[in-house]
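In: give me coordinates for this.
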Amino acid sequence: MQPGPGRPRPDPLAPRADFGLDRRHRGRGGSMARASRKIWGWWFFDWASQPYNTLLITFIFAPYMTELLGSGTAAQTVWGYGIGATGFVIAILAPLLGAVADKAGGRMRFIWLFSVMYVVGAWLLWYAAPDNFNVWLVMLAFAIGMIGMEFATTFTNAMLPDLGPADEIGRISGSGWAFGYLGGMVALIVMLTLLAENGEGKTLIGIAPIFGLDAAAREGTRSVGPFTAIWYAVFMVPFFLWVREVRRPGMVSIGTAVRGAWPELRETLRHLPRDRSLFAFLMASMFYRDALNGIYYFGGIYAVGVLGWSIISVGIFGILGTITGATFAWLGGKADDRFGPKPVIIFAVAVLALVAVGVVFVSRGSVFGFAVGPESKLPDIAFYLIGGLIGAAGGTMQAASRSMMVRQADPAKITESFGLYALTGKATSFIAPLSIGVVTQLSGSQQIGITPLVVLFLTGLVLMIWVKPEGEAKA
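Out: Alright, predicted model coming up:
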């Protein structure tokens, strides 16, 4: 951003530990330091919560489920039904909770509650032992943690408008998403090098799992649950110390807010189609976010089932994806501030649609239609490249979508709006996992089972045509 009238010229010698934020956020004296701490505290939620996605949903626990269930097809089917049911619960409750928080305040109390659910759900995954495995109890624990993670995200996202001026929201959001990806990458590296074992009982660096964990009982890999829980508990400390909720006039008691939540939400939903831009964005994001989640949910299972990868190989794939995700979420935040979030989202979704097509054409025996021998490394290389693109486009798209939601939402109903954002993100969240589960079951092929994602990405891309960059009110 170039200096203009009234804007101080940046000091080239000043330290830059702000991920590219304007110097106004660093301010002067105590107020500037408090603003900086608040932004860093908010970023630490992304750092703390990301391992649930990175370690549990995608790169460690999901491939481990494939081993427990004995086949990629079975794991892809169970995973699809389980995550779809969890998404349904989130879709129903997220906007109601958001409406309550907008009326009563107390977002931090909700974040505490859902943080406990995150920690408990993640910790219980330790009990997914190979010789004593109950798929129902494991999926229930996973659902508790995932619901906690998603609801906590809804309430922290609603704090984004309070962190800086409108022209820098994109950069704050992108930098936070990048910081989260870095957290996921560090957590993944720790798991792969020190805890998660391969078939020979060794980690990525060739040692037995630390703390005397029994590799034969897969304790190193199962420790991903407690590790994710501890990681979240430790790194949420800066968030709870530095972030304070902005109090607004007109707040009511929790009881009053609960009683009024459903009538107000019902009225909001009734009038939502009148706000054509917001309605179009929620519908578009509903489809393209569902498709992206489908890639995250099934990427590790696909790699194990189709390419025969070990959990260690899937983890390396994840490290590459988190590196590109962090880099391009940060760059995407800069592009967001310069061009607005709409073109950033459109470009990222188009890339992801092409990637989804590419995934279908990579297998152990062929790469994009060219036959390869059983010892060929070309399928692995191709899938690593695909993983890099998924991370880059996915991180960019999610950060820009969060920024776009701020531009579309009514400031007086920001938490409810992010609740609607969670609702639309989960209202059809059963489509990707369920359609993948059904198509996989009917076709008996993991490759063919991935094809519904292409349709979802293209649907979201078309709906973005009706989204106005600054929403109806500012258009």
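In: which residues in the stretch 251-400 of the chain form strands?
Out: Ranges of strands in the stretch 251-400 of the chain, per DSSP state E, counting those that start in this stretch, are 366-367, 370-371.
In: export the ones you listed to CSV and tack on mean pLDDT?
Out: Listed next are the strands of the stretch 251-400 of the chain as CSV, based on pLDDT from 0 to 100:
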stretch, mean pLDDT
strand 366-367, 84
strand 370-371, 86
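In: of all these, which one is nearest residue 383?
Out: strand 366-367 (9.0 Å; C-beta to C-beta). Just so you know, the C-beta spots here come from the backbone N, C-alpha and C atoms, and that holds for glycine as well.
In: so where is the stretch 301-450 of the chain shaky, pLDDT-wise?
Out: 415-416, 419, 422-423, 425-430 (pLDDT under 70).
In: among the strands of the stretch 251-400 of the chain, which is nearest residue 273?
Out: Taking C-beta to C-beta, strand 366-367 is the member of the strands of the stretch 251-400 of the chain nearest to residue 273, at 45.1 Å.
In: go ahead and flag the most central residue of this structure.
Out: For the chain, the residue nearest the mean C-alpha position is residue 53 (6.1 Å; C-alpha atoms, centre = their mean).
In: wait, which of the strands of the stretch 251-400 of the chain is closest to residue 466?
Out: Closest among the strands of the stretch 251-400 of the chain, using C-beta to C-beta: strand 366-367, at 37.8 Å.
In: which elements pack onto the closest one?
Out: helix 378-408 (3 or more C-beta pairs under 8 Å, 6 or more residues apart in numbering; DSSP states H and E).
In: buried stuff in the helix it packs on?
Out: By neighbour count on 16 or more other C-beta atoms under 10 Å, the buried set for helix 378-408 is 379-380, 382-384, 386-408.
In: which neighbouring elements make contact with that helix?
Out: helix 169-190, helix 276-307, helix 311-339, helix 341-360, strand 366-367, helix 414-427, helix 471-474.
In: one more pass at 10 Å, please.
Out: Applying 3 or more C-beta pairs under 10 Å, 6 or more residues apart in numbering; DSSP states H and E, we find helix 378-408 packed against helix 135-157, helix 169-190, helix 276-307, helix 311-339, helix 341-360, strand 366-367, helix 414-427, helix 471-474.
In: and residue 167, how many neighbours?
Out: Using other C-beta atoms under 10 Å, residue 167 has 10 other residues around it.
In: next one: residue 70
Out: By other C-beta under 10 Å, the burial measure for residue 70, its neighbour count, is 9.
In: next: residue 86.
Out: So residue 86, with other C-beta under 10 Å, has 23 neighbours.
In: just give the nearest non-adjacent residue to it, would you?
Out: Nearest residue to residue 86, sequence neighbours excluded (C-beta to C-beta, 6 or more residues apart in numbering): residue 143, at 4.2 Å.
In: the one you found: neighbour count?
Out: With other C-beta under 10 Å as criterion, residue 143 counts 19.
In: what's the spacing between it and residue 128?
Out: 14 Å (C-beta to C-beta, to the nearest Å).
In: may I see the helices and strands packed on helix 378-408 organised as TSV, with distance to residue 450 added?
Out: Below are the helices and strands packed on helix 378-408 laid out as TSV (distance: least, C-beta to C-beta, whole Å):
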stretch	distance to residue 450
helix 135-157	21
helix 169-190	23
helix 276-307	7
helix 311-339	16
helix 341-360	6
strand 366-367	15
helix 414-427	20
helix 471-474	34
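In: to residue 447, which of the ones you listed lies closest?
Out: Using C-beta to C-beta, these put helix 341-360 closest to residue 447, at 5.3 Å.
In: could you say which of the strands of the stretch 251-400 of the chain is packed most deeply?
Out: strand 366-367 (a mean of 17; mean count of other C-beta atoms under 10 Å).
In: quick one: contacts of that strand?
Out: Identification of contacts with strand 366-367 by C-beta atoms under 10 Å, 6 or more residues apart in numbering yields 358, 361, 372, 376, 378-383, 447.
In: now these as a markdown table including distance to residue 186?
Out: Shown next, in a markdown table, are the contacts of strand 366-367 (distance: C-beta to C-beta, whole Å):
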| residue | distance to residue 186 |
| --- | --- |
| 358 | 28 |
| 361 | 33 |
| 372 | 34 |
| 376 | 32 |
| 378 | 30 |
| 379 | 28 |
| 380 | 24 |
| 381 | 25 |
| 382 | 27 |
| 383 | 23 |
| 447 | 32 |
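In: could you point out which of the residues you listed is nearest to residue 63?
Out: For residue 63, the nearest member of the contacts of strand 366-367 is residue 383. The distance, counting by C-beta to C-beta, is 13.5 Å.
In: verify the stated contact: the closest one with residue 362.
Out: Yes. Applying C-beta atoms under 10 Å, one finds residue 383 in contact with residue 362, separated by 5.5 Å.
In: who touches both of the two?
Out: Overlap of the contact sets of residue 383 and residue 362 (by C-beta under 10 Å, 6+ apart) consists of 302-303, 306-307.
In: max pairwise distance over these: which two?
Out: Among the shared contacts of residue 383 and residue 362, 302 and 307 lie farthest apart (C-beta to C-beta), at 7.8 Å.
In: the more surrounded of these two?
Out: residue 302 (29 against 19).
In: show me what contacts the more buried one?
Out: Residue 302 sits next to 62-63, 66, 72, 75-76, 295, 309, 314, 359-360, 362, 383, 436, 440, 446-447, 449-450 when contact means C-beta under 10 Å, 6+ apart.
In: ok, residue 58 - contacts?
Out: By C-beta under 10 Å, 6+ apart, the neighbours of residue 58 are 52, 184, 188, 293, 295-301, 303, 314-315, 317-318, 321-322, 390.
In: residue 37 is nearest to which of the helices and strands packed on helix 378-408?
Out: helix 169-190 (13.8 Å).
In: tabulate the shared contacts of residue 383 and residue 362 (CSV), appending distance to residue 237.
Out: Formatted as CSV, those follow (distance: C-beta to C-beta, whole Å):
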residue, distance to residue 237
302, 36
303, 34
306, 41
307, 39
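In: what sits in contact with each of residue 302 and residue 307?
Out: Overlap between the contact sets of residue 302 and residue 307, as judged by C-beta under 10 Å, 6+ apart, is given by 72, 314, 362, 383, 446.
In: would CSV of these with distance to residue 277 be doable?
Out: Output for these, formatted as CSV (distance: C-beta to C-beta, whole Å):
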residue, distance to residue 277
72, 41
314, 39
362, 38
383, 38
446, 38
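In: noted, bye for now.
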